Structures are given as structure tokens and as C-alpha cells.
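In: Sequence and predicted structure, then a few things I'm wondering about:
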Amino acid sequence: MTVEQTNKSYIPALDGLRGIAILFVVLYHNFGFIKQTSFGWLGVDLFFVLSGYLITSILLKTVGEPGYLKNFFMKRVLRIFPLYFLCLVVFLIIFRIFGWYANELSYYHENQWWLWTYLQNWLYAFTLKDGSAMLVHLWSLAVEEQFYLIWPFVILIVKKPKTLFFIMLGVLIFVIAARSVLWLYHFEDFNYTLIYTFTRIDGICIGSMIALTMSFRPNFIGKNMAIIVVILAALNFLFYFLNQIDTNSHPYFAFIGFTTFCGMFGLLLHELVTNKNTILSKVFSIKPLRFMGKISYGFYVYHWPIFMMTQGYFFIFFRDNLNFQHYYSGIAASTLSTLIAFIISVISYYTFEKYFLRMKTKFN
């Protein structure tokens, strides 16, 4: 019996949704030179929606029980810390001892305590330099960890789902307002606002709000699904066409774009959770997607540094030794780098991560 199967509330389709999220991210990062992968940045927001929903659901079910905080934090520690800190040990300590990739990692060596304390998204926003991208993808893990640190205490103090909903709604409104103000007054720095905690947690807010709504008004979203979809679609079209934009550095995303996309993801998540026997749910429950979801954390951590270390060499090999055209050399090199990261992620999941995942049952 797997770790997931021991959980009576396990929903296979959510693993599939997580699998879609990691595929989006990897396509965007490793195959970004292909125009058709430009949507892949949405994968991070999908991860945020999932995290907000799942974490809030868990906390609502366990608040008031003995060991509420201890059990929650120990489970998070066992899932997140081992692989994350292994990554830091490898790149910030072992690589430094041997002098490997010294130039690419010098920025992280100089500022490593930000990474050890899960505050690197704030560091990156203010100081990230060109050529220092090896560990930049870890910003999203910092955002999630900051959420994990604060939200359990808010739920413990407030307890009432309806009140918590309006608290999170207030946070979401603040996020939209803050991002809008930063765009209006500091457009040249807008890309950096994409990794601030208080300007990129739309997905976490919406995922949490869905869990809270299902707690105190379980049928509300289902009954009003059509209206919600129309409102989100209208907002999407309104802002998109008024600004006539097609990149993530324009007013559409500064104001409402992230929020509406996260809203759509939230509705998809709600559908998978509440209608488990539909064709849609079965599609997201297929084994390849579920498997990709299970290894998604490791795949996320590994894929970018492995790409940074290998893709250039593979590109030169395919171009110079096999006489591939420039474009196809890029595709072949990126595919090989991604395959290596995938294999390492599978090995990591079964030989390293699952050891700690099994320990989570001690904190049920």
C-alpha cells in the first residue's frame, strides 16, 4: 500500500493535476525557445492553487485535535525539507568544495543564508543578476513555505471557515492592489514583482478560499459554476483586449491576469474533487499523469540546475558532431537534459523521498 493510499481522502485526479503543473513548468523552462510552450509559466500558479486547497483542507479537518501544529509541521518537514536541503548541500557546499560551476553559483554562495531560511524570493527580487539562474526556480518553494508557516496559526486562532474566507479574500484583494501599484509606479521592475510573496500568492489564496467555501457552503461553487466561469472569462477578455498584450509583463497580468487564471484552475480543481466519476476526473487520473504528479517535487527541484549544467554541452554535440540544425539541436539537447532530470527524479523519489514520506504516518 502506498503512502497516498493510506489517506482515505486521497483523490487520484489531483495527482494528475499536479502532473500537468510540472509538465507546464518543465516545458516553459527547458523548451522556452519554442513559442508554443509560452503558457508553461502557469504551472507555478497551478501548484499554488493545489497547495492552497490541500493545505487548508487538511488544517480545517485537524484544527482543535491534539498535536494539530506538531503533526502539520512534521508532515511538511518530512515532505519538503529532505530534498530541498539535499539540493542546497550539493550546490552550496559540495560544489563549492570542488570548485564546480563557481561562477554560476557565486551569487548563491554569497547569499546562501537566504536560501537556508526560505527567504530567497525576496533576495532574488532585489538583487538577482544575469547569469545567476542556477537555483532561481526555488523562489516558489520559498513562497509556499512562508504560507505554511503563517496559515496554520491563523486557522488555529480564527477557526471559523467563513471568517477565514473573508480574511483570505482580503489578502487576495491586497495582492491585486499591490501588484497594480508596483506596475503603475515601477514598470521597469515589474518582472521582479512576479516573485514577491505579497504579489504572487493569488493561487494560494484562491485554493484556500475554495477549501473554505466547500466547508461552510459546500454546494455554492457547484450551483454557481456557470456564473463564476462567465465572470472570470469576461474579466479575462476585458483586460486582455483593453491592453492588447500577449506577455506576462503587461497591465493584464499586473492587475487581474494571474487571479483569473488561478480562478479557472480553482474551478477545475473543484470539479475534480466533487465529481470523481466524470470523464474529466478519469482523464486526470490516468497512471502516467498521476506518476508525474508523485515525482513532481523532485522533478521541479532537479530539472532546472540539470538543464543549466547539461543543455549547452548537448547542444554543441548535436550541432557540431551530428550536424543538426540550430533549432533541432536545441530540441534534442533540451529533451536529453529533461530526460536525465526525469530519471534522477524517479530514482530520488523511490530511494530517498519515500523513506521520509513513510514516516509521515507517525503524525496522523
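Out: Looks like it arrived, so ask away. Residues are numbered from 1 along each chain as shown.
In: Pull out the buried residues from the helix or strand hosting residue 144.
Out: For residue 144, the enclosing helix or strand under DSSP states H and E is helix 139-158. For helix 139-158, burial by neighbour count (16 or more other Cβ atoms under 10 Å) applies to 139-148, 151-152, 155. In short, each C-beta sits where N, CA and C put it, glycine included.
In: Quick one: mean pLDDT for that helix?
Out: For helix 139-158, mean pLDDT is 98.
In: Give me the contacts around that helix.
Out: Helix 139-158 is touched from outside by 44, 47-48, 51-52, 55-56, 59-60, 63, 68-69, 72-73, 76, 80, 84, 118-122, 124, 164, 167, 195, 197, 200-201, 204, 208, 301, with contacts defined as Cβ atoms under 8 Å, 6 or more residues apart in numbering.
In: Drop anything exposed from the residues you listed.
Out: 44, 47-48, 51-52, 55-56, 59-60, 63, 72, 76, 80, 84, 118-122, 124, 164, 167, 195, 197, 200-201, 204, 208, 301.
In: quick one: contacts for residue 15?
Out: Contacts of residue 15 (Cβ under 8 Å, 6+ apart): 4, 285, 289-290, 293-294.
In: if we go to 6 Å?
Out: 290, 293 (Cβ atoms under 6 Å, 6 or more residues apart in numbering).
In: what about the nearest residue to residue 332 once chain neighbours are set aside, how many neighbours?
Out: Excluding its sequence neighbours, the residue lying closest to residue 332 (Cβ to Cβ, 6 or more residues apart in numbering) is residue 318, at 4.6 Å. Under the neighbour criterion other Cβ atoms under 10 Å, residue 318 is assigned a count of 21.
In: Relative to residue 48, how far out is residue 318?
Out: 35 Å (Cβ to Cβ, to the nearest Å).
In: for residue 15, same thing?
Out: Residue 15 sits 17 Å away from residue 48, going by Cβ to Cβ.
In: Contact partners for residue 161?
Out: 212, 215-216.
In: Now with 8 Å, please.
Out: 60, 212, 215-216.
In: Filter those down to the buried ones, ChimeraX style.
Out: Here is the ChimeraX command that selects the buried residues among the contacts of residue 161 (16+ other Cβ under 10 Å):
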select :60,212,215
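In: Mind checking which of the contacts of residue 161 are in helices?
Out: 60, 212, 215-216 (DSSP state H).
In: Tell me, how many residues neighbour residue 300?
Out: Residues near residue 300, counting by other Cβ under 10 Å: 24.
In: Same check on the one 10 residues further on?
Out: Neighbourhood size, residue 310 [other Cβ under 10 Å]: 17.
In: do you know how far it is from residue 347?
Out: 16 Å.
In: which helix is the longest one in this protein?
Out: Max-length helix for the chain by DSSP H is helix 161-185.
In: and that one, which residues are buried?
Out: Across helix 161-185, burial judged by 16+ other Cβ under 10 Å covers 161, 164-165, 167-168, 171-172, 175-176, 179-180, 182-183.
In: ok, residue 171 - contacts?
Out: Neighbour list for residue 171: 201, 205 [criterion: Cβ under 8 Å, 6+ apart].
In: If we use 10 Å, what do you get?
Out: 154, 198, 201-202, 204-205, 208-209 (Cβ atoms under 10 Å, 6 or more residues apart in numbering).
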